[in-house]
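# generate a structure from the sequence data that follows.
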Amino acid sequence: MPYINVKLTKKIGAAQEDHLKEELGTAICLFPGKSEDWLMCNIESEQKIWFRGDNSKDAAFIEVKLLGDVDKKSATDFTTELCNYMNIHLGISPSRTYIRFEGGEHWGWNGSNF
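Predicted coordinates for the structure are as follows:
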């Protein structure tokens, strides 16, 4: 039950959104037992994000929420993958990208909880 929320300062078009969504679907597989089959994601561009008191440069904030615990190696691999993607494909520096991981046991779906 992964959910990924991406907030970007940069405006991106539909093709870039689709490409980013595909990357998220690939990257979520770095977590054991997770796949795009259950991935829900949200991409918000043109957000006002201040980092170090400055919003003149592009930045990104990515939230990754998972059913269960978040293991450190998978989180590290995911961070490397997404920071590289943001830098290469969207021109957002890894030094201006935050990624927050959160695990939890209580997820609801289809009228009941897991």
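
# please make it C-alpha for all contacts and neighbour counts, starting now.
Noted.

# ok, the spatially most central residue of the chain to Leu82 distance?
By Cα atoms, centre = their mean, the chain has its centre lying nearest to Ile62, at 4.1 Å. Relative to Leu82, Ile62 is positioned 9 Å away (Cα to Cα, to the nearest Å).

# got it, and Asp18?
Distance from Asp18 to Leu82, by Cα to Cα: 15 Å.

# who's more crowded, the two?
Legend: neighbour count by other Cα atoms under 10 Å for Asp18 and Leu82, higher for Leu82 (19 against 12).

# retrieve the pLDDT associated with the residue nearest to the centre of the chain.
Ile62 carries a pLDDT value of 98.

# so what's it bridging to?
As for beta bridges, Ile62 partners with Val6, Ile99 under DSSP bridges.

# that one contacts Ile99, correct?
Yes - using Cα atoms under 8 Å, Ile62 makes contact with Ile99 at a distance of 4.7 Å.

# contacts for the longest helix belonging to the chain next, please.
Selection of the longest helix in the chain by residue count, based on DSSP state H, yields helix 72-90. The set of residues external to helix 72-90 that reach it, using Cα atoms under 8 Å, 6 or more residues apart in numbering, is 23, 27-28, 30-32, 92-94, 97, 99, 101.

# pull out the buried residues from the residues you listed.
Buried members of the contacts of helix 72-90, counted by 16 or more other Cα atoms under 10 Å: 27-28, 30-31, 92-94, 97, 99, 101.
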